[in-house]
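1. Predicted model, plus sequence, below.
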Amino acid sequence: MAVATNETARAPRWISAEELSAMQIKSCEHLVSNLLPAEGCVILAGDSKTGKSTLSLELARAVVTGSPALEALPAMPGAAIYWQADDGSKERFIRNFREAFHGQPIKGFEVCFDALPLFGGGLEMLDKALGRTRAKLAIVDSLIAIRNTRDQAEDFVRTEYAELRALSDLGRTHHCLVLVLHHYASGRRAAGSNPMIGMAGSFGVTAGVDGLIALTLLSLTRAERILTVVTRDSPPQKMIYGRDPAGRLFHIGFGEWADYWDEALMVYRSLRDRSTIDGTDVAEALGVADRNGRVRLARWRMAGIVEDMGGRKHAWTDAFMTAAGRLEGAK
């Protein structure tokens with residue numbers, strides 16, 4: 001079947017490899033180092049009550065104050081706005097805000113409690129707010145509260161993709177980052193080897209954004225959280241952070257720290273009276289063979305969790321002991 005064409009339209013232009021090689025591209029900027037790009041749209045997903053709102057307010061605090069997020073990740077200074085469309089409890093949000101901002105009425109932060117569908121006034125509201133405030137960070141809490149997908153008879157995958165692409169385009173237009181809070185599907189939790197597949201919705205959701213952040217717990221009674229971060233222009237990143245008894249969020253470590261933290265902390269708390277440990281001590285604390293204890297020590301040494309003292313003896317690094325002690329409220 002013949003395809004209708006518009007003769008007045010510009011003909012498609014094919015670009016050669018030589019031209020591509022000569023083109024200058026902008027370096028990737030970060031709003032929050034190792035975590036958030038400077039523009040576009042990123043999803044932060046996790047189960048209910050895992051701390052998505054708390055983390056997002058910490059990121060907003062870092063941007064508004066120009067201070068490091070989680071006390072370790074440099075942030076680009078600027079204004080921030082928060083669209084709280086998911087929960088009618090203003091009191092809970094105010095408590096969380098005051099805790100995250102340490103009770104300070106800092107300028108450059110605004111919140112909106114109106115619940116609007118994205119394609120029904122919400123996108124225009126965000127556009128105007130970003131134009132007025134020139135915010136570097138816009139937080140949307142949450143996707144399920146603003147989506148139009150289930151109300152339309154058309155292809156819901158395409159609509160989900162369009163919703164997230166619209167937010168991504170908005171971020172690039174205003175040179176800001178739109179952080180969208182989302183949840184995991186009830187039948188596909190993110191506890192497996194690939195936490196990204198646990199996000200609710202079709203592939204249109206994950207395909208439409210510029211980055212994905214998965215938030216997972218070690219357990220319901222633990223104060224530590226693990227973040228798995230994937231964005232378009234940066235290598236994948238994994239990190240672990242904690243919350244001290246005063247409610248302050250702090251960075252614990254990157255990469256292998258998140259993988260080894262649980263067992264290392266278990267051994268540390270079992271053998272806190274020892275100035276040094278060896279493979280046998282680790283094996284006894286974890287109930288594994290001596291060889292496995294030595295292997296763990298070797299991995300922890302490479303990650304910077306322990307240091308070699310000679311004679312097969314190891315000591316915990318200052319960074320590890322500081323983080324472990326802070327979780328327990330130690331000075």
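-> Perfect, I can see it now. Just so we're clear, the structure is a prediction, and the values are computed from it rather than from any experiment.

2. for the biggest helix by length in the chain, packing partners?
-> Counting residues, the longest helix in the chain under DSSP state H turns out to be helix 156-173. Under the contact criterion of 3 or more C-beta pairs under 8 Å, 6 or more residues apart in numbering; DSSP states H and E, helix 156-173 touches strand 40-45, helix 122-133, strand 137-141, strand 177-182, helix 203-208. From N, CA and C alone the C-beta is placed, and that goes for glycine too.

3. what's the burial count for His182?
-> Using other C-beta atoms under 10 Å, His182 has 25 neighbouring residues.

4. ah, wrong one, I meant Arg301
-> Arg301 has 14 neighbours, counted by other C-beta under 10 Å.

5. Determine the longest strand present in the chain.
-> In the chain, assigned by DSSP state E, the strand with the most residues is strand 234-243.

6. after it, next one along is what?
-> Next in sequence after strand 234-243, counting helices and strands by DSSP states H and E, comes strand 249-254.

7. List the strands paired with that following strand, with their directions.
-> Within its sheet, strand 249-254 is paired with strand 234-243 (antiparallel), according to DSSP bridges.

8. follow-up on the earlier one: check which residues of the longest strand of the chain are buried.
-> For strand 234-243, the neighbour count (16 or more other C-beta atoms under 10 Å) marks 234, 237-243 as buried.

9. For stretch 180-187, list every residue counted as buried.
-> For stretch 180-187, using 16+ other C-beta under 10 Å, the buried residues are 180-184.

10. Next: stretch 110-123.
-> Buried residues in stretch 110-123 (16+ other C-beta under 10 Å): 111, 116-119, 122-123.

11. show me where the chain has strands.
-> Under the criterion DSSP E, the chain contains strands at 30-32, 36-37, 40-45, 80-84, 109-112, 137-141, 177-182, 211-217, 225-231, 234-243, 249-254, 306-310, 313-316.

12. need those strands in JSON lines with mean pLDDT and distance to Val267, can you?
-> Supplementary listing: the strands of the chain in JSON lines, determined by pLDDT from 0 to 100; distance: least, C-beta to C-beta, whole Å:
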{"stretch": "strand 30-32", "mean pLDDT": "96", "distance to Val267": "32"}
{"stretch": "strand 36-37", "mean pLDDT": "96", "distance to Val267": "34"}
{"stretch": "strand 40-45", "mean pLDDT": "96", "distance to Val267": "31"}
{"stretch": "strand 80-84", "mean pLDDT": "97", "distance to Val267": "40"}
{"stretch": "strand 109-112", "mean pLDDT": "96", "distance to Val267": "42"}
{"stretch": "strand 137-141", "mean pLDDT": "97", "distance to Val267": "38"}
{"stretch": "strand 177-182", "mean pLDDT": "97", "distance to Val267": "35"}
{"stretch": "strand 211-217", "mean pLDDT": "93", "distance to Val267": "21"}
{"stretch": "strand 225-231", "mean pLDDT": "94", "distance to Val267": "19"}
{"stretch": "strand 234-243", "mean pLDDT": "92", "distance to Val267": "16"}
{"stretch": "strand 249-254", "mean pLDDT": "97", "distance to Val267": "16"}
{"stretch": "strand 306-310", "mean pLDDT": "96", "distance to Val267": "10"}
{"stretch": "strand 313-316", "mean pLDDT": "97", "distance to Val267": "9"}
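
13. tell me the most buried of the ones you listed?
-> Of all those, strand 177-182 has the most neighbours on average by mean count of other C-beta atoms under 10 Å, namely a mean of 27.

14. Just checking: what are the partner strands of it?
-> Here strand 177-182 is paired, per DSSP bridges, with strand 40-45 (parallel), strand 137-141 (parallel).

15. And the ones you listed: which comes nearest Asp259?
-> Among the strands paired with strand 177-182, the nearest to Asp259 by C-beta to C-beta is strand 40-45 (20.3 Å).

16. which residues sit against that closest one?
-> Applying C-beta atoms under 8 Å, 6 or more residues apart in numbering, the contact partners of strand 40-45 are 36, 52, 55-56, 143, 164, 167-168, 170-172, 177-184, 190, 198-200, 205-206, 208-215, 231-232.
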